[in-house]
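> sequence and predicted structure, then a few things I'm wondering about:
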Amino acid sequence: MVVVSERSIERLLIDVAPKVERLTGWKTHLDALTVKLVRRDQVWEHGIKPKYNILGIDTEAKTEKGKKDLGMIKVLMPYVLGGLYEPLTGTMLIVPDNVRFGTNESGLTVTLGHELVHRCQFTNHPRWAEMYPTLVRKITGSSAFDDDEHEDKSYMKYLQAYMTLAEGDASHVETQLKKMFYQDAKNKTAHVSNFIGLLLFLHSLGNAEDGFIKKLKQYEQGERIVGRVYETEGRKGVNELYNLDAGGLYQKFG
């Protein structure tokens, strides 16, 4: 069992940040990062609700299906969310109870490195950051949990492609960290690691054809695609993927 505290997280971030910068060519801007350690019963208030509030999206379900989805996410998310980086607030959220068991210090370090990649994706690519709230608003409309006329589900394919690159690259760098610096890493905890993942999780609830397992497979697909680009074009080629518009992302990752 690994010790998870504000002091240990700060120490591990300081250790892994320069390695992430070396592998990606991006600045982590660690001095401006806010880190929050929260209990499972605080995940909704600190990890999910604030993002919807910033975007002006209602989090109170009105329909029976919406209420069911809301209830499920409030029950499930506190147990599957280990870490999350929120670009709208520049905050990394850690749920200690979900990362300390089955994980050693090196494992926790590469998990933090994964989250730092998500931070870099937004802080180093303004266009990427601008696309994020637009896609979320298009898909969720005015309500995060109710299906209504405000939702434009045609954008789901673009959001999925966007997410596949986000997770694929973060997973690719995480694998590099393990191979090059933290060979003894153990991090058995499965976790959804960013807000887009949470959104896709919500939309996949109760949908066998487009469910959560399929989403996880698409994250793996993203790592394979990023890996192929890295092998043929190097890190420069990977970084250029972030200049693609929504259509270009879908063509590459959809």
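Yes, it's here. All figures in this text were calculated on a predicted structure; none of them were measured in a lab.
> please make it C-alpha for all contacts and neighbour counts, starting now.
Noted.
> could you pull out the strands in the stretch 1-150 of the chain for me?
Per DSSP state E, counting those that start in this stretch, the stretch 1-150 of the chain has strands spanning 34-37, 83-86, 91-94. These are given in chain order.
> contacting residues for the nearest residue to residue 223 once chain neighbours are set aside?
For residue 223, ignoring the flanking residues on the chain, the nearest one in space by Cα to Cα, 6 or more residues apart in numbering is residue 168 at 3.8 Å. Listed by Cα atoms under 8 Å, 6 or more residues apart in numbering, the contact partners of residue 168 are 219, 220, 221, 222, 223, 224, 225, 226.
> list phi and psi for residue 168.
Backbone geometry at residue 168, expressed as degrees, to the nearest 10, gives phi -60, psi -40.
> that one and residue 178, how far apart?
As defined by Cα to Cα, to the nearest Å, residue 168 lies at a distance of 15 Å from residue 178.
> could you do residue 115 as well?
Taken as Cα to Cα, the spacing of residue 115 relative to residue 178 amounts to 14 Å.
> quick one: the helices in the chain?
Per DSSP state H, the chain has helices spanning 6-24, 43, 49-54, 64-80, 105-123, 126-140, 156-180, 195-204, 212-240, 246-253. These are given in chain order.
> the longest one packs against which elements?
When contacts are defined as 3 or more Cα pairs under 8 Å, 6 or more residues apart in numbering; DSSP states H and E, helix 212-240 sits against helix 6-24, helix 156-180, helix 195-204.
> what residues of the second one count as buried?
Taking 16 or more other Cα atoms under 10 Å as the basis for neighbour counts, the residues of helix 156-180 that come out buried are 156-178.
> for stretch 133-144, same thing?
Residues of stretch 133-144 classed as buried: 133, 135, 136, 137, 138, 139, 140, 141, 142, 143, 144 (neighbour count, 16+ other Cα under 10 Å).
> kindly export it (C-alpha atoms) in CSV.
Written as CSV, here are the backbone C-alpha positions of stretch 133-144 (Å, rounded to 0.1, in the frame of the first residue of the first chain):
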residue,chain,number,x,y,z
PRO,A,133,-16.0,23.1,-23.9
THR,A,134,-17.6,23.5,-27.3
LEU,A,135,-17.8,19.8,-27.8
VAL,A,136,-19.1,19.2,-24.3
ARG,A,137,-21.8,21.9,-24.7
LYS,A,138,-22.9,20.5,-28.1
ILE,A,139,-23.4,17.1,-26.7
THR,A,140,-24.9,17.8,-23.3
GLY,A,141,-26.9,20.9,-24.3
SER,A,142,-28.5,22.6,-21.2
SER,A,143,-28.7,19.4,-19.1
ALA,A,144,-26.0,16.9,-18.3
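> that one: how far from the chain's middle?
How far stretch 133-144 lies from its chain's middle: 17 Å, per Cα atoms, centre = their mean, to the nearest Å.
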